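Participant: Next comes the sequence, and after it the predicted model I'd like to discuss.
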Amino acid sequence: MSQNPEPERASYEAPSAATTLFDLRTVIALLFAVYGVILTLMGLFATGEAELDMAGGINLNLWTGIAMLVVAAIFLGWVWRSRPLTAQTQEG
């Protein structure tokens, strides 16, 4: 049984551009943003009185679109906030 006083440490590498671009949080944020823009525009320009009457006078497309844009911003903030600034190396 050999004793190794210092175990091997995996070196930390900064994420590549492809890894950052295809991060699941980025994809989810993009989907929320696209659908949020579509719903917001529909709420602003394509909502008639019949739709408002069915929803009890609330413009659901508009409010749902705005909520989806807020969620997209939260996801993008999470991606930006948790991204490491520099590669960390440990020298012994």
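Facilitator: Happy to help now that I have it.

Participant: which secondary element of the chain has the worst mean pLDDT?
Facilitator: helix 17-21 (a mean of 66; mean pLDDT, DSSP states H and E).

Participant: how far away is residue 69 from residue 60?
Facilitator: Residue 69 is 15 Å from residue 60, where distance means C-beta to C-beta, to the nearest Å. C-beta coordinates here come from the backbone N, C-alpha and C atoms, glycine included.

Participant: Can you give me the neighbour number for the closest residue in space to residue 46 that isn't next to it in sequence?
Facilitator: Once flanking residues are discounted, residue 46 sits nearest to residue 61: 7.7 Å by C-beta to C-beta, 6 or more residues apart in numbering. The tally of other residues near residue 61 (other C-beta atoms under 10 Å) stands at 21.

Participant: element containing residue 61?
Facilitator: With secondary structure defined by DSSP states H and E, residue 61 is part of helix 60-82.

Participant: That helix - what's its average pLDDT?
Facilitator: Helix 60-82 carries an average pLDDT of 95.

Participant: Test my guess that residue 65 contacts residue 38.
Facilitator: Yes. Counting by C-beta atoms under 8 Å, residue 65 does reach residue 38; the two are 7.2 Å apart.

Participant: ok, the two, which is more surrounded?
Facilitator: Higher neighbour count among residue 65 and residue 38: residue 65, with 21 against 13, using other C-beta under 10 Å.

Participant: Just list the residues touching the more buried one, thanks.
Facilitator: 35, 36, 37, 38, 39, 40, 41, 42, 43 (C-beta atoms under 8 Å, 6 or more residues apart in numbering).

Participant: repeat for residue 51
Facilitator: 60, 61.

Participant: May I ask which helix or strand encompasses it?
Facilitator: Per DSSP H and E: helix 49-54 holds residue 51.

Participant: Render the CA-only coordinates of that helix in PDB, please.
Facilitator: Presented in PDB, the C-alpha positions along helix 49-54 are these (Å, rounded to 0.1, in the frame of the first residue of the first chain):
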ATOM      1  CA  GLU A  49     -62.100  42.800 -26.600                       C
ATOM      2  CA  ALA A  50     -63.200  39.200 -26.900                       C
ATOM      3  CA  GLU A  51     -59.900  37.900 -25.400                       C
ATOM      4  CA  LEU A  52     -60.000  40.500 -22.600                       C
ATOM      5  CA  ASP A  53     -63.600  39.500 -21.800                       C
ATOM      6  CA  MET A  54     -62.700  35.800 -21.600                       C
END
